[in-house]
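Participant: sequence plus the predicted model coming up.
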Amino acid sequence: MLLTTKIPLKYIFKSTKKDIFFVFCVALLTVLAYRYVDIANIPPNITGLVGTSISLVLAFKLSQSYDRWWEARKIWGAIVNDSRTLVLQLRSFTKGNEVSIVNRMAERQIAWCYSLGQSLRKLSPIVGLESFLTSEELEQVGKHKNVPLGLLDFHSLDIASLHQAGVINDYQQMQLDETIVRLCESMGKAERIKNTVFPTTYRLFLRWFIYIFVILLSITLAETDGYGDIPLMLLITAPFFLLEKTAYFLQDPFENRPTDIPVTLIATTIHTNIRQLVGNTDLPEAPKNGEFYVM
């Protein structure tokens, strides 16, 4: 996730350098062609109408992309709440008994958060989990195609064993099961965002229209004496490409990019909170991130 600090120009230029180069080439070719070839003039009001239409479509896409990003952030906010709730319920319902099971489930919940974040980013979902799971759990969960789901299954088995042993009653088991269900729902919602592709034709057609606008604008400004229309072209068209690229990044919040939802940072926060709840003083360090973003 990008921070409020100054975003380096290098990062901005890197994401739009191809588009800026395209604008520069079109502007330069148009200026040269206008001087040596008879090119029909295009009225400025036509170019302005095209630019206005593109602006409206671009604003709509930005809104839709941000909605996806914000929904992902709300999902992980719910994961934070339910992870804390699970441990609080376990400690309260067991009344200090079955400390080993409570601690094991607390560590497993930490593992679940890290595993889910890595899975959404198409990274290995079991890397780094050895410090939270037993060797037996790690071996069994490694066989699962969906590792986070396998970890939730372990939670359910432990809750069932607590109920069978008489440590928790029917109502308490139901409350714990509801928390597990909410965690599973949050996982499903995040996977839905990850696996639902934003319509590719939307971006393709929008970029074509921006390129058409660039060509029309270059012809409209070709009457300018000298090469002054080239920097003017770059100044006018750069915001279109920057906003389009911003919308493109926001529409996929789990791609391991600086614009992602900071799932690693959120998982580290859950890690800290849960270990403090169970009295474990071995707390994690804050993850190392870039100067202008957190992951």
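Facilitator: Here it is on my side, so go on.
Participant: give me the contact list for stretch 161-175.
Facilitator: Defining contact as Cβ atoms under 8 Å, 6 or more residues apart in numbering, one finds that stretch 161-175 is touched by 89, 93-94, 97-98, 101, 159-160, 176. Just so you know, the C-beta spots here come from the backbone N, C-alpha and C atoms, and that holds for glycine as well.
Participant: which of these fall in helices?
Facilitator: 89, 93-94, 101, 159-160, 176 (DSSP state H).
Participant: next up, the contacts around residue 44.
Facilitator: residue 220.
Participant: so for it, what pLDDT did the model give?
Facilitator: Note on residue 44: pLDDT of 78.
Participant: next: residue 37.
Facilitator: Confidence score, pLDDT, at residue 37: 67.
Participant: related to what we said a few turns ago, neighbour-wise, which one of the contacts of stretch 161-175 leads?
Facilitator: Neighbour counts for the contacts of stretch 161-175 (other Cβ atoms under 10 Å) peak at residue 159, which has 26 neighbours.
Participant: distance-wise, check residue 118 relative to residue 254.
Facilitator: 10 Å (Cβ to Cβ, to the nearest Å).
Participant: and those two? which has more neighbours close in?
Facilitator: A count of neighbours by other Cβ under 10 Å puts residue 118 above the other of residue 118 and residue 254, at 22 against 19.
Participant: nearest residue to that one in space, please, no chain neighbours.
Facilitator: In space, and not counting its chain neighbours, residue 118 is closest to residue 125: 5.1 Å by Cβ to Cβ, 6 or more residues apart in numbering.
Participant: can you name the residues that contact that neighbour?
Facilitator: Residue 125 makes contacts with 115-116, 118-119, 147-148, as judged by Cβ under 8 Å, 6+ apart.
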